[in-house]
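Undergrad: A predicted structure for the sequence below; I have some questions about it.
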Amino acid sequence: MDAWLLDESPGRYRWGEIADPVPGAGQVRIEVRASALNHMDLWLTTGMPKPKAFPHIPGNDVTGVVESVGEGVEDWSTGDEVVVNTALVPAEALSMGIDSVLHPDLRLLGEQCNGGHARYCVVDAHQLVGKPPNRTWAEVATYPVALTTAWRLLRRARLSAGEVVLITGIGGGVAVAAMSLALHLGAEVVVTSRDPLKRERALSLGASAAFDSSDAFPVSADIVVDSVGPAVWKPAMRTLRPGGRMCVYGGTTGPKVELELPRLFFKQLEIIGATCGSQEEFETATGFMADGLEVVIDEILPLAEYPRALERLKAADQFGKIVLEHP
């Protein structure tokens with residue numbers, strides 16, 4: 001099959017041929033209809049993280065049609081339209097009720113194993129959900145990482161209708177999904193960005209205010225959803241009301257922040273970290289999609305234009321997800 005391949009890490013992707021993957025017992029082979037970009041696509045080329053084997057196929061967000069099934073698969077049949085949970089764990093973890101993303105054998109599709117920027121993708125059958133029939137292939141390619149992570153963050157933060165959610169660095173997939181989801185759940189959303197066009201776009205989608213990331217944030221928030229890190233940490237923490245929750249899923253400006261401990265304990269604040277989500281959270285995210293949650297797609301490109309998509313992601317110009325349509 002044809003696929004985007006990484007032969008070494010650090011390295012560059014190339015378009016090439018690789019043997020068709022064969023589904024083993026309990027697995028399915030999916031003919032991919034759409035996949036989406038995440039920062040993992042860029043990180044893999046830097047060597048952090050480094051794939052376990054080469055050539056490696058990237059692609060965390062995968063949706064398509066079941067093309068064949070392995071021995072013992074009963075829940076899925078050829079022709080079923082499906083979406084894959086990016087957080088991969090053994091089947092027994094689900095049967096025992098273990099939180100997928102806390103399991104010691106957790107792997108991420110497209111990181112430790114081959115992903116979806118290819119014609120076919122093989123995954124364990126228990127990682128699938130049915131594609132919401134009212135959504136397009138491009139729309140469902142946006143949510144396995146972004147919306148599932150956003151839901152895990154807001155669920156753990158115990159979001160209630162009427163609360164104020166501050167989202168820093170609006171524009172990326174998780175940030176935009178968190179905005180859509182928080183609005184869907186009845187919250188007031190305030191955002192930050194250095195880009196005035198992104199601030200305007202967020203306001204048009206329902207944010208009540210939008211601030212320049214380099215300024216102070218004149219708002220009192222119940223929850224902060226942050227992926228920026230050091231550049232906004234202090235002003236973002238200062239927006240939190242007593243009992244507020246700081247939700248972190250990234251650190252684009254660096255890995256370390258300075259924490260004011262008196263502010264943390266006197267204001268009874270919480271710091272919550274998350275990425276991806278459990279199978280149950282993924283299924284809930286699928287339900288939000290089926291219910292018509294607004295999805296923001298920055299651009300839809302053919303699979304062949306993956307390098308162009310990577311450049312747009314690297315430039316941080318996008319608002320929402322960048323999706324690849326497969327032939």
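TA: Received it, and whenever you're ready, just let me know what you need. Numbers count the residues shown, from 1 in each chain.
Undergrad: what are the ranges of the helices in the chain?
TA: Secondary structure of the chain (DSSP state H): helices at 39-43, 91-95, 137-141, 146-156, 173-184, 196-204, 233-238, 261-266, 279-290, 306-315.
Undergrad: Of those, which is nearest Asn85?
TA: Taking Cβ to Cβ, helix 279-290 is the member of the helices of the chain nearest to Asn85, at 4.3 Å. For the C-beta atoms, the positions are set from N, CA and C on the backbone; glycine is no exception.
Undergrad: can you pull out the strands in the stretch 101-250 of the chain?
TA: Here the stretch 101-250 of the chain has its strands, by DSSP state E, counting those that start in this stretch, at 107-108, 120-124, 128-130, 164-167, 188-193, 209-212, 221-226, 240-248.
Undergrad: Buried residues, the last one. List them.
TA: Taking 16 or more other Cβ atoms under 10 Å as the basis for neighbour counts, the residues of strand 240-248 that come out buried are Leu240, Gly244, Arg245, Met246, Cys247, Val248.
Undergrad: measure the last one to Ile271 for me?
TA: It stands for Val248. Using Cβ to Cβ, to the nearest Å, Val248 is found at 7 Å from Ile271.
Undergrad: Tell me the bridge partners for Glu31.
TA: With DSSP bridges as the criterion, Glu31 is bridged to Val65, Tyr120.
Undergrad: Disregarding residues adjacent in the polypeptide, which is nearest to Lys198?
TA: Leaving out its chain neighbours, the residue that sits closest to Lys198 by Cβ to Cβ, 6 or more residues apart in numbering is Gly171, at 4.7 Å.
Undergrad: hmm, I was thinking of Ala138
TA: Nearest non-adjacent residue to Ala138 (Cβ to Cβ, 6+ apart): Val323, at 4.6 Å.
Undergrad: so the one you found touches Pro302, yeah?
TA: No - contact criterion Cβ atoms under 8 Å: Val323 and Pro302 do not qualify, at 10.3 Å.
Undergrad: returning to that earlier point: worst mean pLDDT among the helices of the chain?
TA: Of all the helices of the chain, the minimum mean pLDDT falls on helix 91-95 (a mean of 85).
Undergrad: buried ones in that one?
TA: Within helix 91-95, the residues that count as buried by 16+ other Cβ under 10 Å are Ala93, Leu94.
Undergrad: Give me the contacts around it.
TA: Gly26, Ser100, His103, Asp105, Asp124, His126, Gln279 (Cβ atoms under 8 Å, 6 or more residues apart in numbering).
Undergrad: One more pass at 6 Å, please.
TA: His103, His126, Gln279 (Cβ atoms under 6 Å, 6 or more residues apart in numbering).
Undergrad: my guess is the first one meets Ala87, correct?
TA: Read it as His103. No - taking contacts as Cβ atoms under 6 Å, His103 lies outside contact range of Ala87: 8.6 Å.
Undergrad: Against Gly173, how distant is Ser180?
TA: Relative to Gly173, Ser180 is positioned 11 Å away (criterion: Cβ to Cβ).
Undergrad: And for Val123?
TA: From Val123 over to Gly173 the distance is 21 Å, taken as Cβ to Cβ.
Undergrad: Look at those two and report which has more neighbours.
TA: More crowded of Val123 and Gly173, by other Cβ atoms under 10 Å: Gly173, with 29 against 25.
Undergrad: Might you report the residue contacts of the residue nearest to Ala138?
TA: Ala34, Ala36, Ala138, Ala141, Ile297, Ile300.
Undergrad: Tell me who's in contact with Phe211.
TA: Counting by Cβ under 6 Å, 6+ apart, Phe211 has contacts Thr192, Phe217.
Undergrad: what's the pLDDT at it?
TA: On pLDDT, Phe211 comes in at 97.
Undergrad: so it bridges to which residues?
TA: Thr192.
Undergrad: Quick check: Arg312 vs Asp41, distance?
TA: 11 Å.
Undergrad: So those two - more neighbours on which side?
TA: Higher neighbour count among Arg312 and Asp41: Asp41, with 25 against 16, using other Cβ under 10 Å.
Undergrad: any idea how far Arg33 is from the more buried one?
TA: Taking Cβ to Cβ, one finds Asp41 at 18 Å from Arg33.
Undergrad: same question, Phe265
TA: 50 Å.
Undergrad: so what's Gly169 up against?
TA: Ala175, Ser227, Val228.
Undergrad: same thing but 8 Å
TA: Ala175, Thr192, Ser193, Ser213, Asp226, Ser227, Val228, Val232, Thr252 are the contacts of Gly169 under Cβ under 8 Å, 6+ apart.
Undergrad: Tell me how many other residues surround the residue lying closest to it once chain neighbours are set aside.
TA: In this structure, Gly169 finds its nearest non-sequential neighbour in Val228, 4.4 Å apart by Cβ to Cβ, 6+ apart. Using other Cβ under 10 Å, the number of residues around Val228 comes to 22.
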